[in-house]
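# Sequence first, then the predicted structure, then my questions.
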Amino acid sequence: MTVKRNIYVLSDSLGDTAEQLAKAATSQFAEKFKIVKWPKIDNEKQIETIISKAKVDSSVIFYSLVIPRLKEFLEIKANEYGVSELDILGPAIKVLEDVLEITAESNPGASRKINNGYFRKIEAMNFAVKHDDGRGIENIKEAEIVLIGVSRTSKTPLSMFLAYHGLKAANIPLIYGIEPAKQLFEIPSEKIIGLDIDANLLREIRGQRLESVGSPKNGYADIKYIFKELECACSIMKKLRCKVINITHKAIEETASEILKYYSKNDNYI
């Protein structure tokens, strides 16, 4: 019967990085290994207890400790007990210290904070997709930003751009002759951004859109209808008392930057 060998993974954070490396390394062997995680290491007593246990069951130690005193203590004790150990972060950090000519911050969990930012972006982008063009109105209160405006005012690309920056953005079209959903009036006005645009530019954009899909020009691109649409949308924005941004001849990045600055100033952005 084959006995599984142990690899003890020690970390002053969660140990995910060391665990992944241990799994990658053990995958190259037919022999079976059991990986045991020891996260949140913050004192020497914990380390000595684990090393003494590793001595008894002939375990190997992989560690991703970034606090210098804990690293040094582990290396000394592992040597005393005759336990094999591998520092998986030390060499990489040392190379960067040499290149940058600065000392690492020794901040446990720093990579996890980066990962949290990544997952926040993914969550925000999923939210934007599910709340595009008026969808998901029943839980619109969960949105951090709600964009409103008539058709072709860049609501969708703006929502996705803001989501990339970690903000849960929803967008709701304002349709002439149709009352907006009541939920829109139940959220704080500071969360809402109204998008306005020059009528002639909007006619041009809509005309190009109709041509691209092979549709004949109709009221959608009629200047008189557009003026009525914009006037109605403006009236709704006034009722909501929301911030209004005129996007005429502005790039998506420029409008998004203005929105982010507004939310940062008002302590609503993240």
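In hand now; what should we look at?
# The stretch 51-200 of the chain: strands as residue ranges?
Assigned by DSSP state E, counting those that start in this stretch, the strands in the stretch 51-200 of the chain fall at 60-64, 85-87, 145-149, 169-173, 192-196.
# Can you pull out the low-pLDDT segments for the chain?
1-3, 104-118, 217, 265-270 (pLDDT under 70).
# switch the cut-off to 80
1-4, 95-119, 214-218, 264-270 (pLDDT under 80).
# From residue 168, how far out is the spatially most central residue of it?
What sits nearest the mean C-alpha location of the chain, by C-alpha atoms, centre = their mean, is residue 121, with 2.1 Å. Between residue 121 and residue 168 the distance, using C-beta to C-beta, to the nearest Å, works out to 11 Å. Glycine gets a C-beta too; all of them are placed from N, C-alpha and C.
# The stretch 101-250 of the chain: helices as residue ranges?
110-130, 155-164, 199-212, 223-240 (DSSP state H, counting those that start in this stretch).
# Dump those into CSV; add distance to residue 57 as well.
CSV is the format used below for those (distance: least, C-beta to C-beta, whole Å):
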stretch, distance to residue 57
helix 110-130, 29
helix 155-164, 48
helix 199-212, 68
helix 223-240, 66
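# And for the residue nearest to residue 42 when sequence neighbours are not counted, the neighbour number?
Nearest residue to residue 42, sequence neighbours excluded (C-beta to C-beta, 6 or more residues apart in numbering): residue 12, at 6.2 Å. The local packing of residue 12 (other C-beta atoms under 10 Å) involves 22 other residues.
# JSON lines for the strands of the stretch 51-200 of the chain, including mean neighbour count and distance to residue 125?
Shown next, in JSON lines, are the strands of the stretch 51-200 of the chain (neighbours: other C-beta atoms under 10 Å; distance: least, C-beta to C-beta, whole Å):
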{"stretch": "strand 60-64", "mean neighbour count": "23", "distance to residue 125": "30"}
{"stretch": "strand 85-87", "mean neighbour count": "18", "distance to residue 125": "36"}
{"stretch": "strand 145-149", "mean neighbour count": "26", "distance to residue 125": "13"}
{"stretch": "strand 169-173", "mean neighbour count": "26", "distance to residue 125": "9"}
{"stretch": "strand 192-196", "mean neighbour count": "22", "distance to residue 125": "18"}
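# Quick one: those as JSON lines, columns for distance to residue 126 too.
As requested, the strands of the stretch 51-200 of the chain are exported to JSON lines (distance: least, C-beta to C-beta, whole Å):
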{"stretch": "strand 60-64", "distance to residue 126": "30"}
{"stretch": "strand 85-87", "distance to residue 126": "37"}
{"stretch": "strand 145-149", "distance to residue 126": "15"}
{"stretch": "strand 169-173", "distance to residue 126": "12"}
{"stretch": "strand 192-196", "distance to residue 126": "21"}
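# nearest to residue 137, of those strands?
Ranking the strands of the stretch 51-200 of the chain by proximity to residue 137 (C-beta to C-beta) places strand 169-173 first, at 7.1 Å.
# elements contacting that closest one?
Applying 3 or more C-beta pairs under 8 Å, 6 or more residues apart in numbering; DSSP states H and E, one finds that strand 169-173 makes contact with helix 110-130, strand 145-149, helix 155-164.
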